[in-house]
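Q: fold the following for me, if possible:
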Amino acid sequence: MEEEKREEAQTQGEGLSSLWQETLKEQEEKEREEKGEVLTPDIQEKLKKFLDLPLLIEVVVGSTTLTLGEILNLGPGSVVELDNLVEEPVDIKVNGKLVAKGELVVVEEKFGVKITDIVEREERVKRAL
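A: Predicted coordinates:
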């Protein structure tokens, strides 16, 4: 009988121990969430897959509106005037959404763009609506 009581106490102790472990784990997760650290190793691994997704990046130097007749008259050597000035920042779009502004640069005979300003998240959301 005494042996049964010991086994029961041990079982309760093990149950209490695992309950404490679960509670502590939940508390740690809650603290991480409050600090903004909600990235568990599983979520981090899944997010790494997103880093390999290809995205289309466009740099918009300027734009203009032409009639169909004007377009049909274009040929080699034709000059199309754009609405932006040379020193104006260019738009940097990712998958068609404006995300930044920049300035054109030339590096070893190739064009590039230097990012000068990132569009705020609120502004991107407003433009998307």
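Q: all strands for this structure, in order.
A: Using DSSP state E, the strands of the chain run over 57-60, 90-94, 97-107, 110-118.
Q: which stretches of this structure have low pLDDT?
A: 1-17, 32-33, 35-39, 128-129 (pLDDT under 70).
Q: got the domain boundaries for it?
A: 2-49, 54-128 (automatic domain parsing).
Q: need those domains in JSON lines (columns: mean neighbour count).
A: In this view, the C-beta of every residue, glycine as well, is placed from N, C-alpha and C. Formatted as JSON lines, the domains of the chain follow (neighbours: other CB atoms under 10 Å):
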{"stretch": "domain 2-49", "mean neighbour count": "10"}
{"stretch": "domain 54-128", "mean neighbour count": "11"}
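Q: which one of the strands of the chain lies nearest to Trp20?
A: Closest approach to Trp20 among these (CB to CB): strand 110-118, 46.0 Å.
Q: quick one: strands adjacent to the closest one?
A: strand 97-107 (antiparallel) (DSSP bridges).
Q: which residues does the partner strand contact?
A: Contact with strand 97-107 is made by 59, 61, 89-93, 111-119, 124, 127-128, as judged by CB atoms under 8 Å, 6 or more residues apart in numbering.
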